[in-house]
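In: Any chance you could fold what I've pasted below:
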Amino acid sequence: MKALHFGAGNIGRGFIGKLLSDAGMEVTFADVNETVVSELQKRNQYPVKVVGEECVVETVNNVTAVNSATDAVVDCIAEADLITTAVGPTVLKIISGSIAKGIAKRAAANNVKPLNVIAAENMVRGTTQLKEAVYEHLTDELKAFSDQHIGFVDSAVDRIVPPAEAGETDPLAVTVETFSEWIVDQTQFKGDIPNVPGMECTDNLMAFVERKLFTLNTGHLITAYLGVLAGHETIKDSIEDPAIRAQVKAAMEESGAVLIKRYGFEPQAHAAYIEKILGRFANPYLRDEVDRVGRQPIRKLSPQDRLIKPLNGTLEYGLPNAHLIKGIAAAFHYKNDDDPQAVELQAMFAEKGFAQTLAHYSELNVDSEVVKLAEQAYKAIN
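Out: Sure, this is the predicted structure:
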């Protein structure tokens, strides 16, 4: 079975690409990083350090790569059985044109084998958004072909993959935590569902998408922002600060109450899930810097993302939200001159003030009580 994976970065190599290779697939990575592409072409393998209670280095085999900016990637799409991505939300629209060209080539060759596309991104219904972008490039005839033969499968992904370790000279080496979770919407596949150990199927994906978003992502980000305020450099250092751990756990319990109300998760089981995630943040083998986790605050303050979406859930069900509000307030203290979104957020904040800036990006009502409470929380942090 042939798999094409867009994105040969740490998440691509350390998570999805590894699972596909371990499942016995021929994996081709598509990326614009010439160093990584040429090394994959030359070596056809790479090392992954898996760290938990102990460290184990595993070798991923049977892989190669193409430059995603060339026609070679279109040829791969024309022949692939599975396409996956780990490129980040902003890049999905960029690769949509290549996927559309590959679909056109499949149709021209009368290749009617099922093809499934899974965007393994840190976003809600990322594959559906990718599908919309791809369909913008297709004729009505090719849309009909795609509707019949190509599945666009939404998924939820969870694995902490930090940047390369300091001093690492191998461009293909990657470190990942032991824990991983990749859940896919089984109702969206065309043809047989590929047998990939570590890829779990469900017919209720949104429950797991929101469980991960409201717990791992919400907790990770609030840990980062509170860590910045406390002068910590890493997520591990931040979560081992008792005051921060207590605040983060409380915020995750607030978002968890929304999940329990909305999806019927068992409270004790969800409490155990929260504890597992807090333990993952403290993994001594992972150096995950707070500046990296805090990046792109505008995206993370949007209505469907990890701060505002659980907050809206608390408003919907009349649940406590003080610690989520403090996490939102802390986002306005995040300053990073190397992050365009952080620069933009601070510029609008300086010009328009807290309430208008938060309302603009979150779509909360500027005159609402929750915006007033967030502004009070911001001032209390100062």
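In: Got the phi and psi for residue 288?
Out: Note on residue 288: its backbone torsions stand at phi -110, psi 110 [degrees, to the nearest 10].
In: Number the chain from 3, please
Out: In the new count, where the first residue is 3, that last one comes out as residue 290.
In: just checking, it touches residue 240?
Out: No: counting by Cβ atoms under 8 Å, residue 290 does not reach residue 240; the two are 9.6 Å apart. Heads up, the C-betas are built off the backbone N, CA and C, glycines and all.
In: The two: which is more packed in?
Out: Legend: neighbour count by other Cβ atoms under 10 Å for residue 290 and residue 240, higher for residue 240 (28 against 21).
In: At the geometric centre of the protein, which residue sits there?
Out: Note on the chain: the residue nearest the mean C-alpha position is residue 124, at 1.6 Å, using Cα atoms, centre = their mean.
In: Which residues are in contact with it?
Out: Residue 124 makes contacts with 90-91, 159, 219, as judged by Cβ atoms under 8 Å, 6 or more residues apart in numbering.
In: Out of these, list just those in strands.
Out: Mapping those onto strands (DSSP state E) picks out residue 159.
In: which of the contacts of residue 124 has the most neighbours?
Out: Counting neighbours by other Cβ under 10 Å, the top entry in those is residue 159, with 24 neighbours.
In: Once you drop chain neighbours, what's closest to that residue?
Out: Using Cβ to Cβ, 6 or more residues apart in numbering and skipping residues adjacent in sequence, the residue nearest residue 159 is residue 122, 4.6 Å away.
In: so who does the residue lying closest to residue 294 once chain neighbours are set aside touch?
Out: Closest residue to residue 294 apart from its sequence neighbours, by Cβ to Cβ, 6+ apart: residue 165 at 6.5 Å. For residue 165, the contacting residues are 12, 291, 294, by Cβ under 8 Å, 6+ apart.
In: on contacts alone, who are the packing partners of the helix or strand that contains the last one?
Out: Spelled out, that is residue 294. Per DSSP states H and E, residue 294 falls inside helix 292-296. Packing partners of helix 292-296 (3 or more Cβ pairs under 8 Å, 6 or more residues apart in numbering; DSSP states H and E): helix 220-232, helix 237-241.
In: Now do the longest one: which elements does it pack against?
Out: Here helix 220-232 is seen to pack against helix 237-241, helix 244-265, helix 269-283, helix 292-296, helix 324-333 when contacts are counted using 3+ Cβ pairs under 8 Å, 6+ apart.
In: Can you give me the neighbour number for residue 303?
Out: The number of residues near residue 303, taken as other Cβ under 10 Å, comes to 24.
In: thought it was touching residue 362?
Out: No: in this structure residue 303 lies outside contact range of residue 362 using Cβ under 8 Å: 9.3 Å.
In: Tell me, how many residues neighbour the spatially closest residue to residue 129 that is not a sequence neighbour?
Out: With Cβ to Cβ, 6+ apart as the criterion, residue 129 has its nearest non-adjacent residue at 4.2 Å, and that residue is residue 121. Using other Cβ under 10 Å, residue 121 is surrounded by 26 other residues.
In: Number of residues surrounding residue 194?
Out: By the criterion of other Cβ under 10 Å, residue 194 has 9 neighbours.
In: which is the next helix or strand following the strand or helix carrying residue 177?
Out: For residue 177, the host element (DSSP H and E) is strand 176-179. As assigned by DSSP H and E, the chain's next helix or strand after strand 176-179 is strand 183-187.
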